[in-house]
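Engineer: show me the folded form of this:
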Amino acid sequence: MRQTGRVFLHAGIWLALGLLIYVFFLRRETPPPRVLGPGNVELQRTRDGHFYIDGQIQDQRVRFLIDTGASTVSVSEDFARRAGLECLQMATYNTANGPVRGCTSRVPHLAFGPFGMRDVGVVILPRLGTEALLGMNVLRRVRMEQNGDRLRLTAP
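Structural biologist: Numbering: from 1, shown residues only. Predicted coordinates for the structure are as follows:
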């Protein structure tokens, strides 16, 4: 009986340690954006070092990773399928992970935070590590100011 108690005690300790590691190190919860006024939002850097903002493409909810290194908004093949995006032209794209074959598309409406844009070019990429990247073709239309772990997006 004593042996069984030790097994349960050790299992409980390992379970508690695993939970702590998950909560403090692995969980990537996005802090909610702080709306500072119309066309003015502030984002907090997440534990993985990135900024995220919720948005929509074709009335499909999407979580954008803000990527100033991406020249164009990019979405995963899975998201493109769900949103009904059409492949207009195949092309090779130079990404941080090297050249990737994907295709171009256009969306009539894209929104993120308090911002909305029409007729936006989008790239559909296979095996994209996130659901969507918010690239410079959209980000150049807003003013961005980073101060430490905060990123402020403002309508021009």
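
Engineer: tell me the pLDDT of the closest residue to Asn137 other than its chain neighbours.
Structural biologist: Distance criterion Cβ to Cβ, 6 or more residues apart in numbering; nearest residue to Asn137, sequence neighbours excluded, is Thr72 at 4.9 Å. C-beta: built from backbone N, CA, C; applies to glycine. pLDDT for Thr72: 96.

Engineer: please apply the same query to Arg27.
Structural biologist: So Arg27 comes in at 47 (pLDDT).

Engineer: can you list the residues that contact the lengthiest strand in the chain?
Structural biologist: Longest among the strand segments of the chain by residue count, using DSSP state E, is strand 98-112. Contact with strand 98-112 is made by 53-59, 64, 73-74, 80, 83, 85-93, 116-127, 134, 138, as judged by Cβ atoms under 8 Å, 6 or more residues apart in numbering.

Engineer: which of those residues count as buried?
Structural biologist: When those are checked for burial by 16 or more other Cβ atoms under 10 Å, the buried set is 53, 55-58, 64, 73-74, 80, 83, 85, 93, 117, 120-125, 134, 138.
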